[in-house]
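**Student:** here's a sequence, model it:
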Amino acid sequence: MGSKRHLYSVGTEWKGNHGHGTQSWHVYGRNHDITAEGKPVIHGSADPSFHGDPTGWNPGELLLASLSACHKLWYLGLCAGAGIIVTAYRDSAEAVMMETPQGDGAFESALLRPVITLASGSSITRAQALHDQAHAHCFIARSVNFPVICEPVFQIV
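**Tutor:** The predicted model follows:
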């Protein structure tokens, strides 16, 4: 089977011109709208520490959300294929971005902490192994240059 190429298209429109454009660093807004055909608009901004609107999704949050969602999708698919019945999945993810004195920076790590509820009779050992496989397959985690650590917690109902 040959490789498949997937194309993703989004639009990002700056909404922060308050009449003076980027005349100075402190007068323009960081707000923007992210759009894709047929989908709801995502209202974004910069992190509040970079003069962003705290009610908008910032790029760091969106990156972390992508890591968390990709891992979840792989995990649920692998469980379905292996006969492991997941009845609930909730992740409380965190990431650390280090800023340099010059104002640039980079993410140094991300931590996924999914709480996974399994149906009665499920094997936690097998569920853990599938979790490790999901982490190895997640294309977002495979694309970033910082460690993505996963610390799952399993419960059986």
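**Student:** give me the helices and strands touching the lowest-mean-pLDDT helix or strand in the chain, please.
**Tutor:** Ranking every helix and strand in the chain by mean pLDDT, DSSP states H and E puts helix 124-137 at the bottom, with a mean of 92. Counting contacts by 3 or more CB pairs under 8 Å, 6 or more residues apart in numbering; DSSP states H and E, helix 124-137 is packed against helix 59-82, strand 114-118, strand 148-150, strand 153-156. C-beta: built from backbone N, CA, C; applies to glycine.
**Student:** try 7 Å this time
**Tutor:** helix 59-82 (3 or more CB pairs under 7 Å, 6 or more residues apart in numbering; DSSP states H and E).
**Student:** contact partners of the helix or strand following the helix it packs on?
**Tutor:** As assigned by DSSP states H and E, the chain's next helix or strand after helix 59-82 is strand 86-91. For strand 86-91, contacts defined as CB atoms under 7 Å, 6 or more residues apart in numbering pick out 68, 72, 76, 79, 112-119, 157.
**Student:** now stretch 99-107
**Tutor:** Ala95, Val96, Met97, Met98, Phe146.
**Student:** just the closest of the contacts of strand 86-91 to Lys4, please.
**Tutor:** Ranked by distance to Lys4 (CB to CB), the contacts of strand 86-91 are led by Leu76 at 20.7 Å.
**Student:** okay, how far is it across stretch 107-126, tip to tip?
**Tutor:** Stretch 107-126 stretches 31 Å from its first residue to its last (CA to CA, to the nearest Å).
**Student:** so Pro101 is in which element?
**Tutor:** Using DSSP H and E, no helix or strand contains Pro101.
**Student:** how about Glu37?
**Tutor:** Using DSSP H and E, Glu37 falls outside every helix and strand.
**Student:** pLDDT weak spots in the chain?
**Tutor:** Regions of the chain meeting the criterion pLDDT under 70 are absent.
**Student:** so where's the longest strand in it?
**Tutor:** Counting residues, the longest strand found in the chain (DSSP state E) is strand 105-112.
**Student:** what residues sit buried inside that strand?
**Tutor:** Phe107, Ala110, Leu111, Leu112 (16 or more other CB atoms under 10 Å).
**Student:** spit out the contact partners of Trp57.
**Tutor:** Here Trp57 is in contact with Ile42, His43, Gly44 (CB under 7 Å, 6+ apart).
**Student:** show me which of those residues is closest to Asn58.
**Tutor:** Gly44 (6.6 Å).
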